[in-house]
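1. attaching a predicted model along with its sequence, questions to come.
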Number of protein chains: 2
Amino acid sequence: MSWKRREREARGYHHGNLREALIQAARELIKEKGPAGFTFADAARSAGVSAAAPYRHFRDREALLADVAREGFQRFEAMLSTGWANGKPDALTAFNNVGKAYLAFARVEPAYYAAMFESGLPPDLNADLRAAADRAFGVLRTAADALVALLPAGKRPPALMMSLHVWAMAHGIASLFGRGDAGRRALPMTAEELLESQMLIYLQGLGFPQKA
Amino acid sequence: MSWKRREREARGYHHGNLREALIQAARELIKEKGPAGFTFADAARSAGVSAAAPYRHFRDREALLADVAREGFQRFEAMLSTGWANGKPDALTAFNNVGKAYLAFARVEPAYYAAMFESGLPPDLNADLRAAADRAFGVLRTAADALVALLPAGKRPPALMMSLHVWAMAHGIASLFGRGDAGRRALPMTAEELLESQMLIYLQGLGFPQKA
DNA sequence: GCTTTAATGTAAACTCCCTTAACATGAGTT
DNA sequence: AACTCATGTTAAGGGAGTTTACATTAAAGC
């Protein structure tokens, strides 16, 4: 009967890739009940192994969460990079696409997003996690650098500040309005529209010309 | 010995105001270990009562958290209102003061803030909670209305949109950079400076004149 | 005073989680 | 074919949280 049994028979004694399976399980559980809504044992159960098995791969629950977050930052970076597309077709458009990619990630991968930003993990729990987060932010930073370069020399804001502003805007909107059912406050506009209009106003404030 | 015992002797069998005491205890615990970092029993222990006592006042842990959040929204509203000060000395200044008040609240009352925005509570778990949150947002909305009215009739953005933008900016910054040791990413500027500059740029983008 | 009622306390049953130790399996190596 | 290491499993101890049932105290009303 039970799936687990059949899976087990199919897979034999060894799972094959328990580490990844645990991360997957954690993602599922986070999506359902939040980063605090599951235990180490739950993850093991979901992956179809005994409660002791996870200890072969993660020191504790926090280490598992940290790996979910790290993996999340990697995919996040990839998604933002795709949005940026090396500044094509033009920096302004590409910059907006980064914003869209940000929201898309939060919406499509709420579990990763929660592990990354809402799990209460110390940002520098380990060097890998920190590095992954920094690389993701680096995409914003690169984009801001390119955009700033479009302005006349005397009117350039600090690119770091600008990238922090954009991060805060995107995170604020994603966090408050951006998840399917989490922060579901009824709104007359979508999170995407909200961010797009906000970025437009912000960039206009910096002196960027509006596209036709 | 132990405090608890002396307190107990002092207060007698009845606590007197256990409900509030539990909310206080929850705030302490949230401040220390996050909204997920304590149990119902912990709260009882902190308040110096038995593990069963809280059930007389809250159905479960979530109900307790919801009350912390509700109380938080009330104080939040009060703090934002004070910042707004009925639009004095002038709407633009007052609007910036609302932003400062927002960050100040997140910094001074991290426990309330976490319960309100990072506890994973459904925003409309109960009508009271929802109403308190709406009233707090109402302050932003009121301020945005007043500001928008300063612009010439043809250039007025929707005040609701504007208030959502501001909320997102403030929340984004508070959430990412605004708590003493939580999201501690080393930055060359304070959260306050970051929000102030961001609002300045944003308002400039809307066509507000810069103050001298 | 006596009774009633609300507010806690205590105790105990139940469940679940964490963690480690000891043993089992199996895949690749020699 | 035997060896070995990584990976899982069982089993067991120790804690802790939840929840209910029942006892106790304080305060208020008759």
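-> Right, received. Where do you want to start?

2. use CA for all of it now, contacts and neighbours both
-> Will do.

3. for chain A, what lies in contact range of chain B?
-> Neighbours of chain B within chain A, by C-alpha under 8 Å from any C-alpha of the partner chain: A:34, A:36, A:118, A:120, A:122-123, A:161, A:164-165, A:167-173, A:175-176, A:182-185, A:194-195, A:198, A:201-206.

4. now do 7 Å
-> Residues of chain A lying near chain B by C-alpha under 7 Å from any C-alpha of the partner chain: A:34, A:36, A:118, A:165, A:168-169, A:171-173, A:182-183, A:198, A:201-202, A:204-206.

5. report the buried residues of stretch A:169-188.
-> A:169-179, A:182-183 (16 or more other C-alpha atoms under 10 Å in any protein chain shown).

6. circling back: in helices only, show me the residues of chain A next to chain B.
-> Those of these mapping onto helices are A:165, A:168-169, A:171-173, A:198, A:201-202, A:204-205, per DSSP state H.

7. closest to DNA strand C among these?
-> Nearest to DNA strand C among these, counting by C-alpha to the nearest atom of the strand, is residue A:171 at 29.4 Å.

8. circling back to that earlier point, could you work out the most separated pair of the buried residues of stretch A:169-188?
-> A:169 and A:182 (18.1 Å; C-alpha to C-alpha).

9. sorry, back to before: going by distance to residue A:112, which of the ones in helices among the residues of chain A next to chain B wins?
-> Distance to residue A:112, by C-alpha to C-alpha, is smallest for residue A:171 among these, at 13.7 Å.

10. so what's that closest one closest to, chain neighbours aside?
-> residue B:172 (5.4 Å; C-alpha to C-alpha, 6 or more residues apart in numbering or on different chains).

11. ok, residue A:146 next?
-> The shortest distance from residue A:146 to any non-neighbouring residue, by C-alpha to C-alpha, 6+ apart, is to residue A:91 (6.8 Å).

12. with residue A:111 instead?
-> That would be residue A:31: by C-alpha to C-alpha, 6+ apart, it lies 4.8 Å from residue A:111.

13. I'd say that neighbour and residue A:109 touch.
-> No: at 8.5 Å, residue A:31 does not count as touching residue A:109 under the criterion of C-alpha atoms under 7 Å.

14. before we move on, back to that, count the neighbours of the residue nearest to residue A:146 for me.
-> The number of residues packed near residue A:91 is 21, by other C-alpha atoms under 10 Å in any protein chain shown.

15. can you verify my assumption that it contacts residue A:149?
-> No: the criterion here is C-alpha under 7 Å, and residue A:91 misses it with residue A:149 at 9.7 Å.

16. find me the pLDDT at residue A:54, would you?
-> Residue A:54 is assigned 96 on the pLDDT scale.

17. tell me the centre residue of chain A?
-> residue A:113 (4.0 Å; C-alpha atoms, centre = their mean).

18. can you tell me what sits against stretch A:133-140?
-> The contact list for stretch A:133-140 (C-alpha atoms under 7 Å, 6 or more residues apart in numbering or on different chains) reads A:73, A:76-77, A:80-81, A:163.

19. and the two most separated of those?
-> By the measure C-alpha to C-alpha, A:73 and A:163 form the most distant pair in the contacts of stretch A:133-140, at 16.9 Å.

20. more neighbours, those two?
-> More crowded of residue A:73 and residue A:163, by other C-alpha under 10 Å: residue A:73, with 25 against 20.

21. any residue of the strand or helix carrying the more buried one touching DNA strand D?
-> Taking DSSP states H and E as the criterion, residue A:73 maps to helix A:61-84. No: Helix A:61-84 stays clear of DNA strand D (C-alpha under 7 Å from any atom of the strand), getting no nearer than 13.7 Å.

22. that helix packs against which elements?
-> Other helices and strands packing on helix A:61-84, by 3 or more C-alpha pairs under 7 Å, 6 or more residues apart in numbering or on different chains; DSSP states H and E, are helix A:91-108, helix A:110-117, helix A:127-148.

23. who wins for proximity to DNA strand C among these?
-> Nearest of the helices and strands packed on helix A:61-84 (C-alpha to the nearest atom of the strand): helix A:110-117, 16.5 Å.

24. residues contacting that closest one, please?
-> Residues from elsewhere that reach helix A:110-117 (C-alpha under 7 Å, 6+ apart): A:27, A:30-31, A:35, A:65, A:68-69, A:72, A:106, A:179.

25. quick one: which of those is most hemmed in?
-> When neighbours are counted by other C-alpha under 10 Å, residue A:69 leads the contacts of helix A:110-117 with 28 neighbours.

26. how close does that residue get to residue B:76?
-> From residue A:69 over to residue B:76 the distance is 31 Å, taken as C-alpha to C-alpha, to the nearest Å.

27. let me know the pLDDT of residue A:146.
-> At residue A:146, the pLDDT recorded in the model is 97.

28. can you give me the neighbour number for it?
-> Neighbours of residue A:146 using other C-alpha under 10 Å come to 16.

29. repeat for residue A:160
-> Residue A:160: 17 neighbours (other C-alpha under 10 Å).

30. residue A:127 too?
-> 10.

31. can you give me the domain boundaries for chain A?
-> Taking automatic domain parsing as the criterion, chain A consists of the domains A:3-56, A:61-205.

32. who are the contact partners of residue A:101?
-> Contacts of residue A:101 by C-alpha under 7 Å, 6+ apart are A:79-80, A:83.

33. try it again with 6 Å
-> A:80, A:83 (C-alpha atoms under 6 Å, 6 or more residues apart in numbering or on different chains).

34. cool, the one 5 residues further on as well?
-> Contacts for residue A:106 were tallied using C-alpha under 6 Å, 6+ apart; they are residue A:113.

35. enumerate the residues of chain A near DNA strand C.
-> On the criterion C-alpha under 7 Å from any atom of the strand, DNA strand C has as its neighbours in chain A the residues A:12-14, A:39-42, A:51-52, A:55, A:60-61.

36. now the buried members of those.
-> A:40-42, A:61.

37. now those in CSV, with pLDDT?
-> Listed next are those as CSV, based on pLDDT from 0 to 100:
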residue, pLDDT
A:40, 96
A:41, 96
A:42, 96
A:61, 96
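
38. which two from those end up farthest apart in space?
-> A:42 and A:61 (10.4 Å).

39. right, so of the helices and strands packed on helix A:61-84, which gets closest to residue B:95?
-> It's helix A:91-108; of the helices and strands packed on helix A:61-84, that one is closest to residue B:95 (C-alpha to C-alpha) at 25.9 Å.

40. centre of the chain to that closest one, how far?
-> Counting by C-alpha atoms, centre = their mean, to the nearest Å, helix A:91-108 is centred 12 Å from the centre of its parent chain.
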